[in-house]
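*Asks:* Could you look at this predicted model? Sequence included:
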Amino acid sequence: MNISSVYYPAKEFVRFLTTGNSGFKNYDITNRCNLQCDFCYIYNQPDNFEFDEVTDEKFIEFFHSEKKNNVHTAILTGGEPALRINLIKAADKIFPVVFIFSNGLIKIDSSIRRRIFISLDGPKEIHNKMRGCNCFERIIDNITDDRRVIVTTLLNSENYPYITDLYEVLKTKGISGLTFSMHTSEEYYDPAVLRGAKLDRALTMMDYLRKKDPSFVLVSKEMIKQFKEKNHIPNCMLRKGYIISHKSDLSVKSPCVFGKNIDCRTCGCSSPVILHSLKKLDIETFRIISRFYYREKSPAFREYS
Ligand code: SF4
Ligand code: SF4
């Protein structure tokens, strides 16, 4: 385990618990995407995309003011953030830590030495069906031998049986790992939300993979427990302001990145699950988080840490 990569998130977490300032912020740097997935929380809520993005110049100015206000970790989301590579490059220069969440269709320039989370929903047929595109192989080409990449799989009632198939595809691709989130919906009765026996089956498979390949499958026993028991929902630290989200017009999106119409009762987002597990001082979750940090070597990180 890389000690500095454990030290950094642990230090930041303690800072939050003692001062209330997390230093994490989420920026939807664009409301546009090169896909249009049925389940997208951007496209399913007009409030999340029916507005004009601010220019690169204005966004970069905002990044600088955020850094001055002690934001050290920028989580870049969209839409598809790779559509605004200028903003990724700017964030790379400004923030000590940058996480990028992408659908993987555009390969992010290799000069950006940051952690990139790529969405893949299952093996080829499943991913292509769920995303409505013939794009799986292109994404695999883009991520192969890219150690910046951790694949994040959003599980729902359709793709959960294919967890192990996806793992078998990914484990030989030279990426840094595989982690999971669960479908979160605007509708409480959305059949895509994993519940009951299906949820139990998904979590059993996740736990099987966690035990089989703990250096690649980045989920802790405590996280699996939270996905099941949902204690992260009443205790959600995002709703309490731990990570504030901004839209690409720079306004604040609440209660979290999903936007105002989300039904928290369906929440399977890994962020509050991880934070709740960390709050319980779960060592295995700290290990997982340490893996989420890329080997930060940027001047911005060295200056900060
Ligand atoms: S790739 Fe992501 S942002 Fe783009 S449409 Fe699909 S879910 Fe939405
Ligand atoms: S949907 Fe958002 S605000 Fe609600 S519990 Fe999940 S992360 Fe928290």
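*Replies:* Sure, I can see it. Ligands and ions are numbered 1, 2, ... in the order given.
*Asks:* which residues touch the residue nearest to N44 when sequence neighbours are not counted?
*Replies:* Leaving out its chain neighbours, the residue that sits closest to N44 by C-beta to C-beta, 6 or more residues apart in numbering is E186, at 6.1 Å. Heads up, the C-betas are built off the backbone N, CA and C, glycines and all. Residues near E186 by C-beta atoms under 8 Å, 6 or more residues apart in numbering: 41, 44-45, 261-263.
*Asks:* and what of H183?
*Replies:* 39, 154-157, 190, 192-194, 266, 268.
*Asks:* one step back: out of the contacts of E186, which comes closest to S215?
*Replies:* Y41 (31.1 Å; C-beta to C-beta).
*Asks:* shaky segments in the stretch 1-150 of the chain?
*Replies:* Counting by pLDDT under 70, the stretch 1-150 of the chain has low-confidence residues at 1-7, 9.
*Asks:* For it, what lies in contact range of ligand 1?
*Replies:* Selection of the stretch 1-150 of the chain residues close to ligand 1 by C-beta under 6 Å from any ligand atom yields 33, 35-37, 40, 42-43, 78-80, 103.
*Asks:* looking at it, C267 is touching K230, isn't it?
*Replies:* Yes. With contacts counted by C-beta atoms under 8 Å, C267 reaches K230, the gap being 7.4 Å.
*Asks:* When these two are compared, which one has more neighbours?
*Replies:* C267 (25 against 20; other C-beta atoms under 10 Å).
*Asks:* so where does the residue of the stretch 151-300 of the chain found nearest ligand 1 fall, helix or strand?
*Replies:* Relative to ligand 1, the nearest point of the stretch 151-300 of the chain is L154 (8.2 Å; C-beta to the nearest ligand atom). For L154, the host element (DSSP states H and E) is strand 149-155.
*Asks:* what are the C-alpha coordinates of that strand, in PDB please?
*Replies:* In PDB, the C-alpha atoms belonging to strand 149-155 read as follows (Å, rounded to 0.1, in the frame of the first residue of the first chain):
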ATOM      1  CA  VAL A 149      -8.200   4.000 -15.300                       C
ATOM      2  CA  ILE A 150     -10.600   2.400 -12.800                       C
ATOM      3  CA  VAL A 151     -13.800   1.100 -14.300                       C
ATOM      4  CA  THR A 152     -16.900   1.900 -12.400                       C
ATOM      5  CA  THR A 153     -20.000  -0.200 -13.000                       C
ATOM      6  CA  LEU A 154     -23.400   1.100 -12.300                       C
ATOM      7  CA  LEU A 155     -25.500  -2.000 -11.300                       C
END
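*Asks:* Pick the one among the contacts of H183 closest to R131.
*Replies:* Nearest member of the contacts of H183 to R131, counting by C-beta to C-beta, is F39, at 9.5 Å.
*Asks:* how about that closest one, what does it touch?
*Replies:* For F39, counting by C-beta under 8 Å, 6+ apart, the contacting residues are 130, 154, 156, 183, 192.
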